[in-house]
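Undergrad: sequence and computational prediction follow.
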Amino acid sequence: MKMTPALLIVGALLVFWASAFIIVGIPSLTMKETPSEIWRPLTAEEEAGHRLYVRNGCSYCHSLYIRINDWDIGAERIAKSGDYVGQEPAILGSERTGPDLSQEGGEHPDDWHLAHFVNPRFTSPISLMPSWEFLGPVEIRQLTAYVQALGLKAADARVARQRYWKTPAAAAYASGLDANVEWLHSQVPEVWRRMPNPYPASEASLQRGKRIYQEFCINCHGPVGDGKGPAFRYMNPPPLNFTTLRRHLVENRYIGGIFYYQIMNGITGTGMPYFKKHLESEKIWDLANYLGVSFVGYTDANIDPRGIDASYEEPWQNRYPQPGQEGAGTGK
Amino acid sequence: MFAFVKKPQSAALAFLIAGAVWFVVGALYGMVSAIHLVAPEFFSNIPFLVFGRERPIHVNTMLYGFTGTMLTGCGLYYLPALLRTRLYSEPLGWLSFLFWNLTVASGPLGFSFAYTQGREYNEYIWIADISLMLAVVLLIYNLVMTIVQRTEQQLYVSVWYFVAAFLWTAGNYPISNVVWHPSTGAMPGLIDSIFLWFWGHNLPGLLITPLATGAAYFVIPRITRTPLNSHTLSLAGFWFLVALYTHIGGHHVLQSPIPNWLKTVSVVDSIAMVVPVSIVVLNLWLTARQEGQRVWGDPAGRLVMGGIVWYLITCIQGPLQSLPYLQRVTHFNNWTVGHAHIAMLGFGGYIALGAMWHILPLVSGREIYSQRLVNLQFGLITFGLTAFFLVLTTAGLIQGSAWHNGETVYRVLPEIAPFMISRAASGIFILGGSLIGLYNLYLTLRQGRELQPVELLRAEEAS
């Protein structure tokens, strides 16, 4: 076969356009824009936020679709084609340096997002995301509106839940330190409130707890656990001050189960997220022991009621005295 | 004042120089991006140096600015040379140069201030899209007219690839950039991802690949002083490329809810890509058989051959990672970033640099200032890119396996931290290579020994 100019030009164009018709033309003719059950149009402010999301390259680190093999945030809903109707562009993304955001709406309250946009490390200490403070309050609000709409109707339900719980949580904080802790503890199911930490507060476990505290908690609750981390001034209600918990132990003994429950599930309506997707059981109990030992001066690790020790556990005696009984039993 | 635009081969030289400059610009933006993935508070809160804006500057400047521009410069030399004529119009070549580089410049100038359409590989705003299209259309006209006035009857394979690259881009680019929607450059709804990745994959496949293949087909036989191994293989490689490559963009959104038949087509044709790639690689290697010493001994030839090796690695990896089962682990993480770098810098970039060093004396009439600096550039980039590829592939496997095993993205960040540091470190070598290249190019044009007409003629006739 001799390659003549005519064959080159006509042939190259013919094959190309035939292929282009298959790959772009046929989908254009056949793909239907049918809204899925969670679809709704974006509001003007959300639309403005979407433009910001596109123009500032958020999509280079965040995807907008959940796959069948995903476990992270949003994994409850595999993406459907009808989720993207009318979005221009529905920018799916190719990289996850940060989490997928297709169901991010309502995962956090607005004040968490403000702190996070100003400096992502305020809420997520090891985040690689840049600070977006330079966008200014108006654009950050628009961006927040868009992010809170991700997931559309499903997001609306979550945002409504955040709003619903924000009121009593803020009111509890306003009613004083002790009343706030009482309210928080009253939100934990009864069975968890008298549950001691089943893991011994060994040296190694406290080390692990410390590392988790530094990677997840430190910039809200602060290096000394007083709730005065850099995110403090953005949050309403502000992060909990752990050092007041000493006078709120259940029956003056139990705190592990409350820690576990609140770390696991978060406190919807406040900036406290749930951590059960990030941390498995042992890690949460280790963190609970670290919080107790470091900031409360007490942990209920391994006290009664307890079952048979796990096979790996070394003999470990809880020597942390209950509040008010310091010195008792030590001979002093 | 503008007499220089009529000087023979001046447009080609302009493209070559611009390519070397964009390489440095792109590498600088890559370096800052890499640092930001290690230390996000470095240069914090500077709007034009925020990761979401600097990353597309890096990517687009490297694709269109470095690889695309430099390979176009090579083609503007070899196409007329192979047809034994002059470029139809140097001023038109300069006009293409102007429009092309305006588009590339709209990256650093525009993206920095959020003037972008935000769709990967389709970021340039509408007016820059139009500017690029003008450049492409002018190039097509110029090239076709050059073919018309040729004195050599036969069209060598490099000519096909060079002309076809722009013929395809003239169709590809406006479709995928949805130029009929100027404000967003996008289609509404999920179908946009199909438009987007049509060009997203054809940019490497039907622009950079033919440009680089054409350049390699030109340089290798000249250095080995052997005729091309097989005309039939060239034909097969060319037609398979356009017939298969156009179909495979869907593998970028394989796990999204696009229609299943599109996923099937994209996977099948991705695997089939092994065919045209092996054909090109084999044809070039068979051309160079018994003459390896000549290729290795020639610094420019070494770069081009290095590019062919990266091409083979890229195009074995590419089809494999389009397999849905494998992609569950390799998608969305640094594995893909590693792959993109060996494709664009390894394959496209190596061949662009090698062909540039080979062609530079022919268009400038000056000997390369320092062959040792070309070797140094080869060494720096080869070390940097190899490290980069290994580091990112490993990081990607760690991320992908951890996610697949139920860990969250946030939890895996500490695991990739050492890899992000190594990646930034290997980036220094690539940045160094780009700077040395620009330095060598500058000194060649300023201080390189002027070749005598006899030497030039001998060099030109070496094919």
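TA: In hand now; what should we look at?

Undergrad: which residues of the stretch 201-332 of chain A score low on pLDDT?
TA: Low-confidence segments of the stretch 201-332 of chain A, defined by pLDDT under 70, are located at A:327-332.

Undergrad: so where do the helices sit in it?
TA: When assigned using DSSP state H, counting those that start in this stretch, the helices of the stretch 201-332 of chain A occupy the ranges A:203-212, A:218-221, A:256-265, A:281-291.

Undergrad: now do the contacts for the residue of chain B found nearest chain A.
TA: With CB to the nearest CB as the measure, the residue in chain B that lies nearest chain A is B:Gly52; the distance is 2.7 Å. Using the backbone N, CA and C atoms, a C-beta is placed for each residue, glycine as well. Counting by CB atoms under 8 Å, 6 or more residues apart in numbering or on different chains, B:Gly52 makes contact with A:56-58, A:60-61, A:130.

Undergrad: ok, of those, which one's closest to chain B?
TA: Nearest to chain B out of these is A:Gly57 (CB to the nearest CB; 2.7 Å).

Undergrad: just give the closest residue to the closest one, not the sequence neighbours.
TA: For A:Gly57, the nearest residue in space outside its immediate sequence neighbours is B:Gly52; the separation is 2.7 Å by CB to CB, 6 or more residues apart in numbering or on different chains.

Undergrad: give me the phi and psi for the one you found.
TA: When quoted as degrees, to the nearest 10, the phi and psi of B:Gly52 stand at phi -60, psi -20.

Undergrad: can you give me the distance of it to B:Trp94?
TA: Separation of B:Gly52 from B:Trp94 (CB to CB, to the nearest Å) stands at 35 Å.

Undergrad: as a check, name the ranges of all helices in the stretch 1-150 of chain A.
TA: Across the stretch 1-150 of chain A, reading from the start of the chain, the helices by DSSP H, counting those that start in this stretch fall at A:5-6, A:12-20, A:26-30, A:44-55, A:110-118, A:120-123, A:136-149.

Undergrad: for the longest helix seen in chain A, packing partners?
TA: Longest helix of chain A, by residue count under DSSP state H: helix A:152-174. Helix A:152-174 sits against helix A:136-149, helix A:177-186, with contacts defined as 3 or more CB pairs under 8 Å, 6 or more residues apart in numbering or on different chains; DSSP states H and E.

Undergrad: could those helices go into JSON lines alongside distance to B:Tyr369, mean pLDDT and mean neighbour count?
TA: Rendered in JSON lines, the data for those read as follows (distance: least, CB to CB, whole Å; pLDDT from 0 to 100; neighbours: other CB atoms under 10 Å in any protein chain shown):
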{"stretch": "helix A:136-149", "distance to B:Tyr369": "49", "mean pLDDT": "97", "mean neighbour count": "19"}
{"stretch": "helix A:177-186", "distance to B:Tyr369": "73", "mean pLDDT": "96", "mean neighbour count": "16"}
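
Undergrad: now tabulate these in TSV and tack on distance to B:Leu360.
TA: As requested, the helices and strands packed on helix A:152-174 are arranged in TSV below (distance: least, CB to CB, whole Å):
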stretch	distance to B:Leu360
helix A:136-149	47
helix A:177-186	72
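
Undergrad: related to what we said a few turns ago, buried residues in the longest helix of chain A, which are they?
TA: Residues of helix A:152-174 classed as buried: A:152, A:154-156, A:158-159, A:162, A:165-166, A:169-170, A:172-173 (neighbour count, 16 or more other CB atoms under 10 Å in any protein chain shown).

Undergrad: chain center to it: distance?
TA: Relative to the centre of its chain, helix A:152-174 is centred 15 Å away, using CA atoms, centre = their mean, to the nearest Å.

Undergrad: check contacts around the spatially closest residue to B:Glu450 that is not a sequence neighbour.
TA: Closest residue in space to B:Glu450, ignoring its immediate chain neighbours: B:Arg366 at 5.6 Å, by CB to CB, 6+ apart. Residues touching B:Arg366, when contacts are defined by CB under 8 Å, 6+ apart, comprise B:360, B:444-445, B:448-451.

Undergrad: nearest to chain B, of the helices and strands packed on helix A:152-174?
TA: When those are ranked by distance to chain B, counting by CB to the nearest CB, first place goes to helix A:136-149 at 10.0 Å.

Undergrad: which strands and helices sit next to the closest one?
TA: Taking 3+ CB pairs under 8 Å, 6+ apart as the contact definition, the neighbouring helices and strands of helix A:136-149 are helix A:44-55, helix A:110-118, helix A:152-174.

Undergrad: what's the first one in contact with?
TA: The contact list for helix A:44-55 (CB under 8 Å, 6+ apart) reads A:42, A:59, A:87, A:89, A:91, A:135, A:139, A:141-149, B:114-119, B:184.

Undergrad: elements contacting the lengthiest helix in chain B?
TA: Counting by DSSP H, the longest helix found in chain B is helix B:409-447. Applying 3+ CB pairs under 8 Å, 6+ apart, one finds that helix B:409-447 makes contact with helix B:10-38, helix B:350-364, helix B:371-404.

Undergrad: 10 Å instead, please
TA: Helices and strands touching helix B:409-447, as assessed by 3 or more CB pairs under 10 Å, 6 or more residues apart in numbering or on different chains; DSSP states H and E, comprise helix B:10-38, helix B:334-341, helix B:350-364, helix B:371-404.

Undergrad: what about the residue lying farthest from the centre of chain B, which SS state?
TA: Taking CA atoms, centre = their mean, the residue of chain B most remote from its mean C-alpha position is B:Gly406, at 36.4 Å. Reducing the assignment at B:Gly406 to three states with DSSP: H, G, I helix; E, B strand; the rest coil gives coil.

Undergrad: with adjacent residues omitted, what lies nearest to it?
TA: Using CB to CB, 6+ apart and skipping residues adjacent in sequence, the residue nearest B:Gly406 is A:Trp71, 4.5 Å away.
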